[in-house]
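Kindly return the folded structure for what I paste below:
(2 chains)
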Amino acid sequence: MSDNSTDSDALWSHPLRGAITDVRALAAVTGEPLPAAAAEDLQRVFKLAVTLDQQLAANSSRHDIMNTLAAIRGYTEMLLEDIGHSQPKLNDSLIALLQAIAKADAATEPAVESLDTGTSTGTSANTNSALAAEPGFILAVDDLAENRELVARYLSRSGHLVVTAASGAEALRTLADTDVDVVLLDLMMPDMDGREVLSRIKANPDWRATPVIVISGSQDMDGIIACIEAGADDYLFKPFNPVLLQARIKAGIERKRWHDREEQYRQQLERNEKFIRATFGRYLSDEIVTDILERPEGLELGGDLREVTIMMSDIRGFTSLSEHLAPAEVVAMLNRYLGTMTDIIMAHNGTIDEFIGDAILTVFGAPQRRDDDADRAVRCALAMQAAMEGINADNQAAGLPALTTGIALNTGAVIAGNIGSERRSKYGFVGHPMNVTSRIEDHCEGGEILISDSTAVALSGNYTLSNRRELDARGLDRIVVVHRIEEATHV
Amino acid sequence: MFEGIRILLVEDNEINCEMLARRLTRAGLSVITAADGQQALQMMASEQPALVLMDMNLPVLDGWSACRQARLDAHLKDIPIIALTAHAMETDRKSALAAGCDDYATKPIDFPELMAKIQRLLPA
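Next comes the predicted model:
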């Protein structure tokens, strides 16, 4: 029951706090100094505002809160008398404060007490206003016209929008047309009875979350229990206490609002997930995207140093080759090649950094590090070379030349993160190992896979290495040792 | 118009008591105060105020009981009492009047209205 008063407190206390803040701001900038007595009263109002905040936070009794409000009102009225006429702006904000107090007064009428004393006839308009803090859209279903009118009168008096339905079928039509907050459902109806309407509401995914309050004509507790098991949210026996009706409606509306907010939040999450999938899906495998989405802490894309294995592949002599072909042929051939390679890279959980013409830059180990990054990179490279046969068969069938590709692998620490400007950025990599990979790639021949010493060391599987070479390429500050990888002896 | 008229304000909430006393004083009344029902009865007897403004939720002796006792005392029964409460319920108004209060005002006090009530109850 104390929840009711807390809710209404929160509703009226915001404008009151706002009004006090305004007065405080005006008092601070006021041109001429206030008379000492007025300045003192102003300080009292501010102090009382703090007291009020504390009382609200501590859920203090209505009596205490009213005393504080009374004091704020008294001092504010005296201030108005003393300085109002000389300071029009302060005058206005003091009046606004008094209006906020008047609203607070109306909102804190002890609605709950009338429930306890059961004074259903003595329900004042003020009591209603406190209970109906948030107006809702109510569907009242009853086959008897006088019952519908009674409920509609009670609820619309307290600010709710009420639509009525004279039968179950009519109720379901209304639900289909409008967004109802709470359904007030009479159980005893001809044709489609309340139980049937309830089960249809709860079976419909769009309506399931709408709270249903069932109304029973008799003290049929077994029937009520069956309804609650069937998904009813609350119940009332006829003849019902109007205040109890209001309270249940209020609780129902709050439940619906909670659900709506939750639903909104869920949709937001879904949109975020879709965005991440669309953004990353192009260059990350599904498995990695799902993994990122499922991690509670999310993915840090701010930029960090990571040990990765970099793979660079390049079609040998593609540029001169493409000069002899029609542009459409070049694009078709390139897309067939890149499509096949992309599938293989995704299958090995590599992150495609970018396509540079016919070259593919791939990283294993970012955004997610795995123990077998280097091994997967090597297996991926082997699978890519193996796939060239099929690509070339297709090319030949289409009257196009055969292609050969060279693949370079290197392992080292790079900076991974969202790189770019506000307008254009992507998840990318920078660092010396990236350049080294490119230099190794320059030395690859068609059909060859070259791996650096650092990658060879990182491998846990056994592979046949041969043709150890020392590269002293331009742009490298030290000699890089590379090996040709032949095949996996066993993985 | 209220010059020289002495009234008793019974209120346990200090800041409210101070505020209301000041307002009443500004309006020309002479104000004495008490903080509980027991003290109020004593001061009504010793000071013979022209009128009493009494909060109902009081320590030691509550406002309703103080009111009832005053009505049973030959020396106090004619002193008008206006009840002050934070409750706006019809039942509260009834219970205050049933206890013997002459009128009733709800907090936060509407001051002009209170002054009108005081004026109405003061002996001509």
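
hey, let's count contacts and neighbours off CA atoms from now on
Noted.

and chain A, what are its domains?
Domain assignment for chain A by automatic domain parsing gives A:2-108, A:125-260, A:286-490.

ok, of these, where does mean pLDDT dip lowest?
With a mean of 74, domain A:2-108 has the lowest mean pLDDT of the domains of chain A.

What are the phi and psi values at the residue in the stretch 251-400 of chain A positioned nearest to chain B?
Nearest residue of the stretch 251-400 of chain A to chain B: A:Ala251, at 23.4 Å (CA to the nearest CA). Main-chain dihedrals, A:Ala251, degrees, to the nearest 10: phi -60, psi -40.

out of the domains of chain A, nearest to B:Met43?
Nearest of the domains of chain A to B:Met43, taken as CA to CA: domain A:2-108 at 23.2 Å.

Strands along chain A, start to end?
A:137-141, A:161-165, A:182-186, A:212-216, A:234-237, A:304-315, A:351-356, A:359-364, A:405-420, A:425-430, A:449-452, A:462-471, A:480-490 (DSSP state E).

Select, out of these, the one closest to B:Pro59.
That would be strand A:234-237 among the strands of chain A, by CA to CA, at 40.6 Å.

would you put the C-alpha positions of the top helix by length along chain B in CSV?
Among the segments of chain B that qualify as a helix by DSSP state H, the longest is helix B:14-26. Written as CSV, here are the backbone C-alpha positions of helix B:14-26 (Å, rounded to 0.1, in the frame of the first residue of the first chain):
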residue,chain,number,x,y,z
GLU,B,14,8.7,23.5,15.2
ILE,B,15,9.2,25.0,11.8
ASN,B,16,5.5,25.1,11.1
CYS,B,17,4.8,26.5,14.5
GLU,B,18,7.3,29.3,13.9
MET,B,19,6.0,30.0,10.5
LEU,B,20,2.4,30.2,11.4
ALA,B,21,3.1,32.2,14.6
ARG,B,22,4.9,34.7,12.4
ARG,B,23,2.1,35.0,9.9
LEU,B,24,-0.5,35.4,12.6
THR,B,25,1.7,38.0,14.3
ARG,B,26,2.0,39.9,11.0
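
Quick one: the domains of chain A as TSV, columns for distance to B:Pro108 and mean neighbour count too.
Below are the domains of chain A laid out as TSV (distance: least, CA to CA, whole Å; neighbours: other CA atoms under 10 Å in any protein chain shown):
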stretch	distance to B:Pro108	mean neighbour count
domain A:2-108	4	18
domain A:125-260	15	18
domain A:286-490	51	17
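
now those as TSV including distance to B:Arg26?
Shown next, in TSV, are these (distance: least, CA to CA, whole Å):
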stretch	distance to B:Arg26
domain A:2-108	9
domain A:125-260	33
domain A:286-490	64
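
Closest approach to chain B from the stretch 51-200 of chain A, which residue is it?
For the stretch 51-200 of chain A, CA to the nearest CA, closest residue to chain B: A:Ala70, 3.8 Å.

Give me the three-state assignment for the residue lying closest to that residue once chain neighbours are set aside.
Leaving aside its chain neighbours, A:Ala70 sits nearest to B:Pro108 (3.8 Å; criterion: CA to CA, 6 or more residues apart in numbering or on different chains). Assigned by DSSP: H, G, I helix; E, B strand; the rest coil, the conformation of B:Pro108 is coil.

correct me, but B:Pro108 touches A:Tyr75?
No. At 11.2 Å, B:Pro108 and A:Tyr75 do not qualify as touching, with contact defined as CA atoms under 8 Å.

So for A:Ile391, what's the nearest residue that isn't a sequence neighbour?
Nearest to A:Ile391 is A:Tyr337, by CA to CA, 6+ apart, at 6.6 Å.

From A:Ala402, how far off is the one you found?
Using CA to CA, to the nearest Å, A:Tyr337 is found at 11 Å from A:Ala402.

Run through the residues that contact B:Ser30.
Taking CA atoms under 8 Å, 6 or more residues apart in numbering or on different chains, we find B:Ser30 in contact with B:Glu3, B:Gly4, B:Ile5, B:Arg6, B:Ile7, B:Leu24.

just the buried members of those residues?
B:Arg6, B:Ile7, B:Leu24 (16 or more other CA atoms under 10 Å in any protein chain shown).

Next one: the second one from chain A, what distance?
It refers to B:Ile7. The gap separating B:Ile7 from chain A is 18 Å, by CA to the nearest CA, to the nearest Å.

check contacts around that residue.
B:Leu29, B:Ser30, B:Val31, B:Ile32, B:Pro49, B:Ala50, B:Leu51, B:Val52, B:Leu53.

Among those, which one has the most neighbours?
Neighbour tally across the contacts of B:Ile7 (other CA atoms under 10 Å in any protein chain shown): the maximum, 26 neighbours, falls on B:Val52.

Quick check: phi and psi at that residue.
phi -120, psi 130.

I'd say it and B:Val10 touch.
Yes. Judged on CA under 8 Å, B:Val52 makes contact with B:Val10 at a distance of 7.4 Å.

and the spatially most central residue of chain B, what helix or strand is that in?
Chain B has B:Leu53 as the residue nearest its centroid, 1.3 Å off, counting by CA atoms, centre = their mean. Per DSSP states H and E, B:Leu53 falls inside strand B:51-55.

For the closest residue to chain A within chain B, give me its contacts.
Using CA to the nearest CA, the closest approach of chain B to chain A is made by B:Pro108 at 3.8 Å. By CA under 8 Å, 6+ apart, the contact set of B:Pro108 is A:Met66, A:Asn67, A:Leu69, A:Ala70, A:Ala71, A:Arg73, A:Gly74, A:Asp105, B:Ala86.

Same list, the residues you listed, but as TSV with distance to A:Asp372 please.
Output for these, formatted as TSV (distance: CA to CA, whole Å):
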residue	distance to A:Asp372
A:Met66	70
A:Asn67	71
A:Leu69	69
A:Ala70	73
A:Ala71	73
A:Arg73	73
A:Gly74	76
A:Asp105	69
B:Ala86	74
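
how far away is the residue nearest to the centre of chain B from B:Leu20?
10 Å.

can you check B:Leu51 too?
When B:Leu51 is compared with B:Leu20 (using CA to CA), they lie 15 Å apart.

worst-scoring helix or strand of chain B, pLDDT-wise?
Each helix and strand of chain B was given a mean pLDDT (mean pLDDT, DSSP states H and E); the minimum falls on helix B:90-98 at a mean of 70.

thinking again about what came up before, packing partners of the strand holding B:Leu53?
strand B:6-10, strand B:81-85 (3 or more CA pairs under 8 Å, 6 or more residues apart in numbering or on different chains; DSSP states H and E).

gap between that strand and the chain center?
0 Å (CA atoms, centre = their mean, to the nearest Å).

could I have whatever helix or strand comes next after it exported to PDB, CA atoms only?
Using DSSP H and E, the helix or strand that directly follows strand B:51-55 along the chain is helix B:63-72. C-alpha atoms of helix B:63-72 as PDB (Å, rounded to 0.1, in the frame of the first residue of the first chain):
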ATOM      1  CA  GLY B  63      -5.600  17.200  19.700                       C
ATOM      2  CA  TRP B  64      -8.900  15.300  19.700                       C
ATOM      3  CA  SER B  65      -8.500  14.300  23.400                       C
ATOM      4  CA  ALA B  66      -7.400  17.800  24.400                       C
ATOM      5  CA  CYS B  67     -10.400  19.200  22.600                       C
ATOM      6  CA  ARG B  68     -12.800  16.800  24.300                       C
ATOM      7  CA  GLN B  69     -11.300  17.600  27.700                       C
ATOM      8  CA  ALA B  70     -11.500  21.400  27.100                       C
ATOM      9  CA  ARG B  71     -15.200  21.000  26.200                       C
ATOM     10  CA  LEU B  72     -15.800  19.300  29.600                       C
END
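
Run me through the strand neighbours of the strand holding B:Leu53, direction for each.
strand B:6-10 (parallel), strand B:81-85 (parallel) (DSSP bridges).

Give me the contacts around that strand.
Contacts for strand B:51-55 (CA under 8 Å, 6+ apart): B:6-12, B:63, B:79-85, B:118, B:121-122.

6 Å - rerun?
B:Ile7, B:Leu8, B:Leu9, B:Val10, B:Glu11, B:Ile79, B:Pro80, B:Ile81, B:Ile82, B:Ala83, B:Leu84, B:Thr85 (CA atoms under 6 Å, 6 or more residues apart in numbering or on different chains).
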